[in-house]
Structure formats: structure tokens, C-alpha cells
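Chemist: Provide a 3D model corresponding to the input given below.
(chains A and B)
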2 protein chains.
Amino acid sequence: MLDFPVEDLSAEDVARLRGIYEPLTRSVRELIDATIRTEAGEDAVAAARREIEAATARLRSRQLDGAFGVRHGSEGDAMPWGNVVIGVRNPVAPPLTFTKTPDGLVRADFHLGAAYEGPPGHVHGGVAALILDHALGEVASSSASPRLTGTITLRYRRITPLGALHVEASMVRTEGVKAYAAGHLADAEGVTVEAEGVFIQPRWARD
Amino acid sequence: MLDFPVEDLSAEDVARLRGIYEPLTRSVRELIDATIRTEAGEDAVAAARREIEAATARLRSRQLDGAFGVRHGSEGDAMPWGNVVIGVRNPVAPPLTFTKTPDGLVRADFHLGAAYEGPPGHVHGGVAALILDHALGEVASSSASPRLTGTITLRYRRITPLGALHVEASMVRTEGVKAYAAGHLADAEGVTVEAEGVFIQPRWARD
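Modeler: Purely as a prediction, here's the structure:
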């Protein structure tokens, strides 16, 4: 069974924590991009490393034992802040912000830069898979009924350029503990990758 | 057509550049982990941000216009350093180091920490897809004949814990411009995710 701790945090506490850690995460995202693209020389890189290591030491002075996990405030608000796709505390996450339309479509507009590269100038095929897996899982799950990926198939229509992108997913049907979802990734010219998958409610989350 | 620039870099130049930038990337990976797991207070976080932003400014003083791409030294050695799975200059990459056995199996042992989390304490299903997509693409391609993902299917046997992991892939068969590959992700207890895919030689890489 997965651990979803509920902590004694009011909505105000959650907002305060977000105000402290979200700008830090944003700064680290900028640093990641700068690290990949820099052509600075040996001395500048050595000075940058000293600053980075000083920052790491400050942050490690008090830290969680393991990964961040998903925490819940006392008012039930989920904080999936460590998540690699949507986590506001995870610098590896672009991060995506999904919205759900009244007819049940899950969608997000986002930007992928140098950190997500596979073929030169293009999104790694596996990053497209990562984002589609998350979008389909989001539409297949609810907080009352989480579902994890059972099987997913990705079809690559053409390579996806780095830059402004869009993802959307919708539920095809549910069948007991299974939900079938489908979606696609697109750039301004249209669909680049299509996905369909089966998502399954884990045993520990069943009634 | 993708851009694979050949630069006037000897093997020695390539080693020198790696010696400058690889330790920087490693430091940023440590910082990413510390950023997700820190419980440091407001003042320490503000001080860390100042250091991070100073480092970013130093690195941005001279930088590439776009993403890193794949460069080649004058002796033909590929430098896929910006790649999100294997790039030694990309802090988002774990990074994986693949080896090829004499019978054509591609394999890598690696460790995934807090930055790759989906379900609490576990690898995001999409990160498993990212790594398997790369491993299958690696076995389906050669430098003379690159192939990109056409279709890939992932089957999740159980959730993958964060920690020490292993991936391997092998070629099933080739059929003209197509290559069929299969593989799996495993932890110490055995297989967690299976994958099979079709990889296609892009038009620009055909004779």
C-alpha cells in the first residue's frame, strides 16, 4: 500500500509553504537550462559549482529522509509536489498544470526546453510518453479512485519539436476496476503522438 | 532533417570539455534532489536562491542559442550530451550508461531518486516508459542507421520502487526500414515493466 500522509496543515500553511519552495524550484529549473546550454569557461564553471554546492548544503541542513511523496493538508487538499510531471517542488517537472473541462477532457498547455531533448531540437520520444502517461492517468483517476497504468500504447505520427506544446486526454470507458483512456500530444501544426491505455485501480484502493 | 553538427574537436578536446562540464552537471543533480527534499526555512531558502541565481548568471554569460543537440568530434565520436536519458551535460538525465553485450543485448544499471517520483516512493509510470523507449531505441539503432520510435507498448506488471534498477533490451527482428525491439525494466525482485516497439529509420537517414 502506498503512503499518502495527512498532515496538520491548514490551506494557509499550504499556501505559505508553496510561497517559499515554488520560487526555489523555478530558480533550479533556470539553472538546469543554463547548465545544459552554457559555453562558459573553466573558471566561471568552477565558481558556479561552488555556489551550487553551497546552496545544496544549506538545503540539506534539514531534509526529508526519502522522496517527497504525496501529502494532504488537513482540509484534504492534495500536494503532489514531488511528482516528476506536475510537482511544483520538483525542478525536473516542466511542470504541467492540468485543467478538466465540464465534459471531462483533461488538458494542459506547456513549454519544453533543452532539458527534454532527444533527437536534436526535438522532444525525446520517451518524454512524450511520460507526459501522455500522466495525462491519461489523470483522466482515468479521481481522488476517490486512483488508477495506475496497466498498459499504454504510444503512436508517433512525427517528431515533436521543443517549444510550446499541448496535451489532452479523455476517458473512453470504465469497466469495474479498469478505465480506458486516450489522448494526444500536439504542437501548433497538430497531433504528433497518440496514446491509449488501460488504468487499473490498485487492490489497496478497492472497497 | 535533423542537425548533427561535426565540430573541429579532437578526442582530447572532447575529454577536456567533459572534464569541465560533467562535474557541474553532477552538482546540479545533487541540488535537484536537495530542492525536492529540503525542509529548510524561509531564510535559508532565500540564501540558497541567491547562490543559485548567481550561478545561473555566470553560466548564461556565454551560452548556445538553442538546445544542446548531438555534436560529433572530428574523429566521429558522438556527444549526445544534452539527451534527457543519457546526457552527461543534462542534470535531468539520471544519466544511464548503456553497454552492448556481444550477443546484441543493450543494458544499463542505474539509480532513480526523488526526482523521478510518481506514486509515493515509486517511479512514475511515464519515467519507466521514458527509459524503456530509450533502451529499445538504442538497440534498434546504429550510428549508421538511426531509428526513431514508431509505436511502443508498455505493460506494467507492478509498480517500480525508487532505488537501484536495471533495464535491458534486444532486437526482435528487422524488416527494411523497421526494427522490432523488446525489453524490460526490473528491480532486485524481478521485472516490473515490459515493453515492445517498432522503430523506423527516418526518410532523411535512408540511402
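
Chemist: Mind listing the residues bridging to residue A:161?
Modeler: residue A:122 (DSSP bridges).

Chemist: If I look at it, what pLDDT would I see?
Modeler: The per-residue pLDDT reported for residue A:161 equals 98.

Chemist: Same check on residue A:25?
Modeler: Per-residue pLDDT puts residue A:25 at 98.

Chemist: and what of residue A:99?
Modeler: pLDDT, residue A:99: 96.

Chemist: Mark out where each domain of chain A begins and ends.
Modeler: A:1-84, A:96-205 (automatic domain parsing).

Chemist: And the residue nearest the centre of chain A, how close does it get to chain B?
Modeler: The centroid of chain A falls nearest to residue A:85 when counting by CA atoms, centre = their mean (0.8 Å). Distance, residue A:85 to chain B, by CB to the nearest CB, to the nearest Å: 7 Å. Where C-beta positions appear, they are placed from N, C-alpha and C, glycine not excepted.

Chemist: most tightly surrounded among the domains of chain A?
Modeler: With neighbours defined as mean count of other CB atoms under 10 Å in any protein chain shown, those peak in mean count at domain A:96-205, which reaches a mean of 19.

Chemist: mind checking the end-to-end distance for it?
Modeler: 25 Å (CA to CA, to the nearest Å).

Chemist: picking that back up, and the domains of chain A, which one averages the lowest pLDDT?
Modeler: Among those, domain A:1-84 carries the lowest mean pLDDT, at a mean of 90.

Chemist: So what are the sheet partners of the strand ranked longest in chain A and their directions?
Modeler: The residue-count maximum for a strand in chain A (DSSP state E) belongs to strand A:163-175. When sheet partners are counted by DSSP bridges, strand A:163-175 sits next to strand A:106-112 (antiparallel), strand A:178-187 (antiparallel).

Chemist: Off-centre distance for that strand?
Modeler: Strand A:163-175 has its C-alpha centroid displaced from the chain centroid by 15 Å (CA atoms, centre = their mean, to the nearest Å).

Chemist: residue ranges of the strands in chain A, please?
Modeler: Using DSSP E, the strands assigned to chain A run over residues A:71-72, A:78-79, A:99-100, A:106-112, A:148-156, A:163-175, A:178-187, A:190-200.

Chemist: Present those strands as CSV; the columns should include distance to residue B:152.
Modeler: Formatted as CSV, the strands of chain A follow (distance: least, CB to CB, whole Å):
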stretch, distance to residue B:152
strand A:71-72, 33
strand A:78-79, 30
strand A:99-100, 27
strand A:106-112, 19
strand A:148-156, 5
strand A:163-175, 17
strand A:178-187, 14
strand A:190-200, 10
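
Chemist: any residue of the helix ranked longest in chain A up close to chain B?
Modeler: Of all segments of type helix in chain A, defined using DSSP state H, the longest is helix A:11-37. Yes. Applying CB under 8 Å from any CB of the partner chain, one finds helix A:11-37 touching chain B at A:20-21, A:23-25, A:27-28, A:30-32, A:34-37.

Chemist: nearest to residue B:134, of the strands of chain A?
Modeler: Comparison of those against residue B:134 by CB to CB identifies strand A:148-156 as nearest, at 13.3 Å.

Chemist: okay, the closest one in PDB with CA atoms only?
Modeler: What follows is strand A:148-156, C-alpha atoms only, in PDB (Å, rounded to 0.1, in the frame of the first residue of the first chain):
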ATOM      1  CA  LEU A 148      -2.300   3.300 -12.100                       C
ATOM      2  CA  THR A 149      -1.100   2.400 -15.600                       C
ATOM      3  CA  GLY A 150      -1.800  -1.200 -16.700                       C
ATOM      4  CA  THR A 151      -0.900  -1.000 -20.400                       C
ATOM      5  CA  ILE A 152      -0.200   2.000 -22.600                       C
ATOM      6  CA  THR A 153       0.500   2.300 -26.300                       C
ATOM      7  CA  LEU A 154       2.100   5.300 -28.000                       C
ATOM      8  CA  ARG A 155       1.900   6.000 -31.700                       C
ATOM      9  CA  TYR A 156       4.400   8.500 -33.100                       C
END
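
Chemist: ok, the closest residue to residue A:135 other than its chain neighbours to residue B:109 distance?
Modeler: Nearest in space to residue A:135, with sequence neighbours left out and distances taken as CB to CB, 6 or more residues apart in numbering or on different chains, is residue A:169 at 4.1 Å. Residue A:169 sits 33 Å away from residue B:109, going by CB to CB, to the nearest Å.

Chemist: what's the answer for residue A:7, then?
Modeler: Counting by CB to CB, the separation of residue A:7 from residue B:109 is 36 Å.
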